[in-house]
Every structure is written in structure tokens, then in C-alpha cells.
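Chemist: From the sequence below, what's the structure:
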Amino acid sequence: MSTAVSRVVVVGGGLGGLAAATRLAKLGHQVALIEAREHVGGALVPVEQEGYAWDGGPRATLLPAALRDLFRKTGRPLEKELGADLEPLAVIREHRFADNTSVALPGGSRAGQIAAFDALGPGLGEAWAEHVDLYGPVWEVLRRHYVEVPWDPAAPKGAAPRDLTRLLDLRETLHKRLRRDFRDERLALVAGHPAVADGHDLRNVPSWVGVDRYLEQCFGAWRPAEGMGRVAELLGARLLTRKVTVLTGTTALDVVVRAGRAVAVRTDAGEVDADHVVLAIDPRRLPSLAPLVERTMPAIPPVMTHVGLTGPVPELDHEVVLHADPLIVLRPGTRAPEGGTAWTVLGRGKIAEDLLTALARHRYDVRDQVVTRVDLTPRELVEQWGGSPHGVLWQGRGTVRRRLGPTTPIDGLLMAGAHGAPGAGVPFATQSGALVAEIIGKA
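Modeler: As a prediction, this is how the structure comes out:
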């Protein structure tokens, strides 16, 4: 724990970097944030074109408590900033299957989820509930020992709590767990979808990663009415309130390490000295850090197409998942001119044709109604965001000990953001900033 004012340089202005910078500045440190783009926000920054707007990355968040804690401990509470605009989603996502059946998955309600699956067939609701219930104890272990406290993957096994060690060392994969728990393939598709949507192969994902289904059932999903970009705007303003030096349009070229300690960040505008460096981008982008993650890979984003439509189109109040090859996910946009509709189309799998052509096979043929569109490849998304917001690719249970964050083998260098978070998504990226702040401590 620090007892003096430190110079902290945060590299990366995505959610994890913003969370770390604002918390550390509130703790009294001199904080500079380096961001290669001309604005902060990372994957939260919306895409806008011809009067239409779309969320650039995640549409909603589980565990809004993570964001609420960040805002409360760095300034005005989130409720004061957003008012009533942080709204729970009645339906987290709707899943449509090859046999023309579908299920709309509600959040924050065990009874609601049981009823939704019972509509697919007798006994399916109880099978789903029994599966989700198994993750209650898992969440308690993860929350107490992994999510809410700094965890060092390089520490000797005996240094970690036994229940956490037993959990992280489980050989069971999520693929195996789903095949064991469900006879109906549709339930397995729903349970495995979030990991698949993040780019993972379920045969390489530890079974405990399925804890997100428990979080969805207990806490639901929440979304700012104006889109997640509004959260980025508010955090950008908070940087100024907390007197963080923001260096946008500045590219970090490497971390300067002397005698085994990070002492500065080398940028295209010169070196920025530091007592602590917080890295909130993919470490593969910096030569001196790339060897630390050579045994891991990033989880690749999907193909993404934002479309602005005109005229009558099917109503889309929530995310719709079309289980086929390619897997297609439809999301409503955040803004459209009068008479228009904004959609985001995501694709994973064998994509050998235009996404809208593939979408048309599912009775969503809007090709003649496109006013404007923005097509983004996985590579383009990674370049825009400074890394993948889906974090590290699961390559078996050993991945959890090979990933960095919040600590690293280099003294004075900490990790936040998707590549240094204890999980993927908004709540875990947000929490990564809290873990970094806890390690550096109050000035």
C-alpha cells in the first residue's frame, strides 16, 4: 500500500483504464492517462453515421453494482448522473433455434426463467434452474477470493484459499458440464451462448465460467437508455473533475523497465515518468511486455455490421440470437431519425457471405431498406479499441494462471481492462480498476 503521492501512468482509455484512473486520482495520486485515439471510452464509444447511432461494443451490463461503486467512490453517484436512465432489461436476449422454437430469457427472476423454459417443453424449466443453482456456491468463492480482491496467478498454490484453488483446478469444461446437465440441445445452446459470443470454444472453457448464468438470473442486465456511450461520456468528464492529465492522440510505444521495475512509458511524444504504470490495453502491443503473454491469445471479436434502416421492420426491443452457422446476433441501436431504425448485426462461424444476406434466411430481410451501414472486421475492431474487449482466449484451465492482472511479474506494472480483468464484460473491466487501486492504495 502506498503512503505517498505517486505518479501513475494509465495506458489505455477504455473502461478499465478509466476506472483505474478515476479511482487513483480520487485516492490522491498524480494520474496521467494515455490514449491513442482522440477520445476516451474504448469499446463503449458509440458509432454514429447519417443520424443513426449504435453501441460500439457491449449493449448492457450485468452487476450494475460495479459501475455504481465506481461512480460513488469517485464523485457523484451513478443515479445522480443518469437519473432513471439506467434501466433493467425485461428480456436479456431471445434465442431462436433451427426447429423454429424460441425462448425469451428474462433477467433477475428464477421463476421467470423457469416459466420461459417450461414453454419449450415440460420439465425444461426445472432442468435449467437446477443447472443455474449449481453456480451459487461458485459465485461466492469467486466473489470473495477472485473478483473482489487482488489475486496473483503466479503465487504458490498454498498461498491461495483452498476453495479457490480447487475451483480453478477443476478439469471439467463448460462443454462437458452442459452435455451432462441438459438432454435438450436448446438449453445447452442458451447456457453456452455468452462464451461462444465472446469467441471461445466451450471445449476449452472451464465449467465455472458459466457462473454468468447465475448472475443474469440473480441480478438481471441493465442498460443506460442512451446507450453505453453515455457511461464513457460521464467517466471522461470525471477525469477532468479529478484533475487527471489526459493525453489523447498519444500512442504508447512501450513500457520502460529498469532494474526489473516499470519507471516510465515511452510514447510517440516522448517518455512519461511513472512510479506505477497501469496497462489497460493488450500487452502484446508493447515489445517489452509481449513475452509475458506469449502463451495466451486474445479472444477475437465477431464480424460487426451496423445498419440504418428506413420503413417498417420487425420490432426489436432486445437482443435476438439466431442459432445457426453462422451464429447471428441482432441488437437494437441507440438512435435513428424519424421513420428509421438502427440495428447491429454480429456474426460468428463460417461467414462466407454478407451478413445481411445470411440474416435474410432467418426472415429478417431488410436489404432493400438500408440507408447507411458500417462494416467492421475483427481486425478493425481490435485496432480501434486497442485490443479485444473479450479479453484472453480460453485455452484450457491453465489459462487462468497464465493471464496477467491485476499484478504482473514486473514491479510497478499493473494490469486493468479486459486483458487484466478477472472476467470479460463491463462489470469485470470496471472491477479491474478497483483491484489496481487497492494494490497501489491511498496517497
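
Chemist: check contacts around residue 310.
Modeler: By CB atoms under 8 Å, 6 or more residues apart in numbering, the contact set of residue 310 is 339-341, 369, 371. The way it works is simple: take the backbone N, C-alpha and C, and place the C-beta from them, glycine included.

Chemist: if you set the cut-off to 10 Å instead, what comes out?
Modeler: Listed by CB atoms under 10 Å, 6 or more residues apart in numbering, the contact partners of residue 310 are 336-341, 366, 368-372.

Chemist: do residue 150 as well
Modeler: Taking CB under 10 Å, 6+ apart as the criterion, residue 150 is in contact with 405-407, 414, 422, 432, 434-436, 438-439.

Chemist: now the helices for the stretch 101-250 of the chain?
Modeler: Secondary structure of the stretch 101-250 of the chain by DSSP state H, counting those that start in this stretch: the helices cover 110-118, 124-133, 135-142, 162-168, 174-181, 185-197, 212-219, 229-241.

Chemist: quick revisit: out of the contacts of residue 150, which is most surrounded?
Modeler: Comparing those by number of neighbours (other CB atoms under 10 Å), residue 432 comes first, having 33 neighbours.

Chemist: so it touches residue 425, yeah?
Modeler: No - the pair residue 432 and residue 425 fails to qualify as a contact (CB atoms under 10 Å) at a distance of 11.0 Å.

Chemist: so what sits against both of the two?
Modeler: The contact sets of residue 432 and residue 425 overlap at 15, 66, 391, 418 (CB under 10 Å, 6+ apart).

Chemist: In helices, which of those residues fall?
Modeler: 15, 66 (DSSP state H).

Chemist: ok, residue 139 - how many residues close by?
Modeler: Residue 139 is flanked by 16 other residues according to other CB under 10 Å.

Chemist: can you check residue 404 too?
Modeler: 22.

Chemist: before we move on, what about residue 156?
Modeler: Neighbour number of residue 156 under other CB under 10 Å is 7.

Chemist: going forward, begin numbering at 45 instead of 1
Modeler: I'll keep to 45 as the first residue from here, and by that count the last item is residue 200.

Chemist: Check what pLDDT it gets.
Modeler: For residue 200, the model assigns a pLDDT of 71.

Chemist: Residue 103 too?
Modeler: 85.

Chemist: cool, residue 208 as well?
Modeler: On pLDDT, residue 208 comes in at 92.

Chemist: give the contact list for the closest residue to residue 230 other than its chain neighbours.
Modeler: Nearest residue to residue 230, sequence neighbours excluded (CB to CB, 6 or more residues apart in numbering): residue 141, at 5.2 Å. Counting by CB under 10 Å, 6+ apart, residue 141 touches 147, 164, 229-230, 233-234, 365-368.
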